[in-house]
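Asks: A predicted structure for the sequence below; I have some questions about it.
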Amino acid sequence: MLLCAVLLAALGASAWAAADCAAPMQRVDCGAGGAAACAARGCCFDSSHGAGSIWCSHPAPAPSAPVVWQGGKAAQLTLHADATFAVAGIDGGGAARWLDRALPSVCLQGAEGPLTVAPPSRAALHDPRLGPADALVFQVTAPAGVAGSVLTFAYFAQWDAFRFSAALNAATHLPNCTATTANTGKGKSVSPAVAWPQAAVPAAASDALAWLTFAGEMTRYQYGGSVQRAPPPAASSAPVTLVGPAQGALLVAPATDVLTTQTLLQPTLLAAGPSADLAQLPRNVSSVWLLARPTVTAAHQGYGQLMQTTQAPAAGPTALPAPAALTTWLSYSTANGAYYDWFMWKNVTRDGTPQDILVNVSQQFRTARLPLGLIVLDIWFVPDACPAASCPARHCIYDWKPIGAYFPAGLGWLANATGAGVMPYSNYFCANSTYSKQWPVMAGLDDHANPTPAASFAFWTQRFKDATSWGSTSFWNDHMQENMLQYNLTRTVAGAMAQWAKGQADAALLAGIPVMWCMESAEEMVLAAGWPAVVAGRASHDYAAGSDNWDIGVGSMLLSSLGMAASKDSSWTQGAEFNPVLNVLVAVLSRGPVSISDQLGLTDFSVVRPCCSEDGRILQPTGAVLPIDASYRPSSAVNSLATPTRNVVWVAHTRVALASGPAAVWWQVLAVNLPTAYALNASELWPAPADAGVAVDQLYTWTWADPACRAGTAGGCVRAWRTAPPRLVTAPPAGRRSPHVLLQVAAELGGGGGGG
């Protein structure tokens, strides 16, 4: 039998009908009857939980003084000693209640009687990585034979972040509240360790809140312009952010392993807890972070710093021995829309073997004084045990080694001949692969069989030894979300996917090979925060000439907060590509790979040349491109998150240390498809000039590629912000052409600080 006991039920205004009633967790059911019968037994009367039920305790204890912790600059969270919460957000016109009397709850599987909750105790905690915290601790005792729980609500002042944790006392029992939480619409529910019902929030207030989360492959975002009206997202382990109408953001995100904690947002509920898919919860802990910040970007940056700190290596190598090749040097791609994608277009071998073509491409780039630093390979370079004609959906790897007919002299020879490192590809292995009898494997869907989590590190250590002998300086693993979802073990056992993925990442770190994950979920990238070898993830669909593959802003915001770069895949510079300059520009500003994939002899080097120095090093910013905060506000002119339009304003920034004094700082502002002028406020830059120690009076702007700014010309293109605040505007979009402008914003030397 499942008894789901709510410590503190959702409280509307009617929940306190009797002024002297005790708080819900201190009430005792005095039996059925009306107010008179209750009073005769010395109990107060409150029927707000349904007819025939009287919850009371008389006299009620004196109310405890609240503990008020200020969260960020945009929200105030009040935590009362009875464990109720109040979260107020600043929306520009005064305080708006986001979560009014929010209430934590716990449900225990197998409980057949009431739960006993001891009064909270104050505690001073110390996390070995995060430092001190002020906390309230609740001991939850269940009936005999059932594991109890401990709820801990801790505030880390140094991080300005709240962590809410539920720890069970036995590994055999999971929290289970699926009977009381609505289904997500995809057959999954969350078993909340902590839930914040929003029933007391006025409809108008929650209707004004937008939400942002991430779901699916390629770190793809989901957005709703209203908590009340937009369809809610499915439960996931990705961050969920409530977005105020004018300013303010409240982020709720897992603090523990993928699947151990998931979040669920519905019109009247914000909950977090173990996934209902879990069969085991080995560490027996589920916890969630809550951060309130003025902007969406600031909230995610704070969360990313927490995850990088808590998940960084405790011992052994803590960084790659050299800058990651895939995010440092210009590359040439043979994947996803590339002209020489020998997996999709095998007939291009009429131009010669892959080995010969890649040598000729490299020579072409070297002649243009843009030497390649990396050659990106796709699945075509290894034997496929499942030919496309017989089972086109599978394409697993039979033997991870180059096909001899494609590389007669070997990949090591190719690396030496081109002077470029090689970036080999993997997705998942066939059930009948050459490794299936040598290594313990997990049986998956479609006859896939990856090594088990326990064997992952040893397996990938051997694979990266092979890759090193090929001249590999980078590696990419495709179909990452499938690697989690296609195996029962990684879907249902907390920590299994983490062990498998970390085995690969640790082996890569040992070999000094940086890793990019593709077709990855946001949950997997959160999982890898702080892992030095995982340096990038895809934030776009596969490249196709003329597509909107350049639109990576929101994914870049999340990935950069986790310490990684966003990849937009490769790009053509001519032909069917309508936006060649925009594609290359976005790749540069992403801090991720800049990869060209034209046919031999057709690359337009005037498009590529501004991206790199003459040794092929990418001229990238310090901070990756990300949307300005107005992009997430429902009524903003630059919010296109819920529409098919792509009118965006993004910002990147660069800091350069000087021999003396503070660093020089400037910003790159990219506007795309913006035919109506947008008045940019200096506070919308990231980091804000004030946080970088720069006053608005010290800012100057000019437009990249403005003819008036050509070398040797007189002034006139550079404008002072204080006298000419920028108004961003582009030509109207035309078909698949996306006009853009790049505004440069520089701080007067001597006024730049160290922010960002």
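Replies: The structure has been received and is ready for your questions. These numbers were taken from a predicted model, which means no experiment stands behind them.
Asks: now do the strands in the stretch 101-250 of the chain.
Replies: Ranges of strands in the stretch 101-250 of the chain, per DSSP state E, counting those that start in this stretch, are 116-117, 121-127, 131-141, 149-156, 161-168, 194-197, 210-214, 221-224, 240-243, 249-254.
Asks: pretty sure residue 669 belongs to a helix, no?
Replies: No. Counting by DSSP: H, G, I helix; E, B strand; the rest coil, residue 669 falls outside a helix, being strand.
Asks: next one: it from residue 637, what distance?
Replies: In this view, residue 669 and residue 637 are 15 Å apart by CB to CB, to the nearest Å. In this view, the C-beta of every residue, glycine as well, is placed from N, C-alpha and C.
Asks: next one: residue 151
Replies: Counting by CB to CB - residue 151 and residue 637 are separated by 44 Å.
Asks: any idea which helix or strand carries residue 560?
Replies: For residue 560, the host element (DSSP states H and E) is helix 553-561.
Asks: show me what that helix is packed against.
Replies: If you count contacts as 3 or more CB pairs under 8 Å, 6 or more residues apart in numbering; DSSP states H and E, helix 553-561 packs onto strand 210-214, strand 221-224, helix 296-311, helix 522-527, strand 534-538, strand 565-567, strand 623-627.
Asks: show me the one of those that comes nearest residue 140.
Replies: helix 296-311 (25.0 Å; CB to CB).
Asks: sorry, back to before: I'd like the helices and strands packed on helix 553-561 as a markdown table, with distance to residue 411 and mean neighbour count appended.
Replies: Shown next, in a markdown table, are the helices and strands packed on helix 553-561 (distance: least, CB to CB, whole Å; neighbours: other CB atoms under 10 Å):
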| stretch | distance to residue 411 | mean neighbour count |
| --- | --- | --- |
| strand 210-214 | 35 | 24 |
| strand 221-224 | 37 | 22 |
| helix 296-311 | 33 | 22 |
| helix 522-527 | 28 | 26 |
| strand 534-538 | 22 | 28 |
| strand 565-567 | 22 | 28 |
| strand 623-627 | 31 | 25 |
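Asks: show me what the host helix or strand of residue 375 is packed up against.
Replies: Residue 375 is part of strand 374-376, with elements assigned from DSSP H and E. Under the contact criterion of 3+ CB pairs under 8 Å, 6+ apart, strand 374-376 touches strand 331-333, helix 411-418, strand 421-423.
Asks: got a markdown table for these, with mean neighbour count too?
Replies: As requested, the helices and strands packed on strand 374-376 are exported to a markdown table (neighbours: other CB atoms under 10 Å):
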| stretch | mean neighbour count |
| --- | --- |
| strand 331-333 | 25 |
| helix 411-418 | 18 |
| strand 421-423 | 25 |
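Asks: distance to residue 541 added to those, as JSON lines?
Replies: Below are the helices and strands packed on strand 374-376 laid out as JSON lines (distance: least, CB to CB, whole Å):
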{"stretch": "strand 331-333", "distance to residue 541": "15"}
{"stretch": "helix 411-418", "distance to residue 541": "28"}
{"stretch": "strand 421-423", "distance to residue 541": "20"}
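Asks: okay, those in CSV with distance to residue 675 and mean pLDDT next?
Replies: As requested, these are exported to CSV (distance: least, CB to CB, whole Å; pLDDT from 0 to 100):
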stretch, distance to residue 675, mean pLDDT
strand 331-333, 32, 98
helix 411-418, 44, 97
strand 421-423, 39, 98
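Asks: I'd like to know which of those lies nearest to residue 725.
Replies: Judging the helices and strands packed on strand 374-376 by CB to CB, what sits closest to residue 725 is strand 331-333, at 38.7 Å.
Asks: dump the residue contacts of residue 605.
Replies: Neighbouring residues of residue 605 by CB atoms under 8 Å, 6 or more residues apart in numbering: 368, 370, 573.
Asks: state the distance from it to residue 571.
Replies: 13 Å.
Asks: bridging residues for residue 429?
Replies: Per DSSP bridges, the residues bridged to residue 429 are residue 397.
Asks: from memory it sits against residue 437, does it?
Replies: No. Residue 429 is beyond contact range of residue 437, at 12.0 Å (criterion: CB atoms under 8 Å).
Asks: picking up where we left off before, comparing the strands of the stretch 101-250 of the chain by mean pLDDT, which bottoms out?
Replies: The weakest mean pLDDT among those belongs to strand 194-197, with a mean of 51.
Asks: which stretches in the stretch 251-400 of the chain count as strands?
Replies: Here the stretch 251-400 of the chain has its strands, by DSSP E, counting those that start in this stretch, at 262-266, 269-273, 285-293, 331-333, 374-376.
Asks: these into JSON lines, with extra columns for distance to residue 125?
Replies: Shown next, in JSON lines, are these (distance: least, CB to CB, whole Å):
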{"stretch": "strand 262-266", "distance to residue 125": "23"}
{"stretch": "strand 269-273", "distance to residue 125": "19"}
{"stretch": "strand 285-293", "distance to residue 125": "12"}
{"stretch": "strand 331-333", "distance to residue 125": "46"}
{"stretch": "strand 374-376", "distance to residue 125": "46"}
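Asks: of those strands, which is nearest residue 681?
Replies: If you check each of the strands of the stretch 251-400 of the chain against residue 681 by CB to CB, strand 285-293 wins as the nearest, at 17.6 Å.
Asks: how many other residues sit next to residue 637?
Replies: 14 (other CB atoms under 10 Å).
Asks: does it count as helix, strand or coil?
Replies: coil.
Asks: that one: what's it in contact with?
Replies: For residue 637, the contact set (CB under 8 Å, 6+ apart) comprises 630, 647, 676, 678.
Asks: nearest spatial neighbour of the second one, skipping sequence neighbours?
Replies: Looking back up the chat, that one is residue 647. Residue nearest to residue 647 in three dimensions, not counting chain neighbours: residue 673, with 4.5 Å by CB to CB, 6 or more residues apart in numbering.
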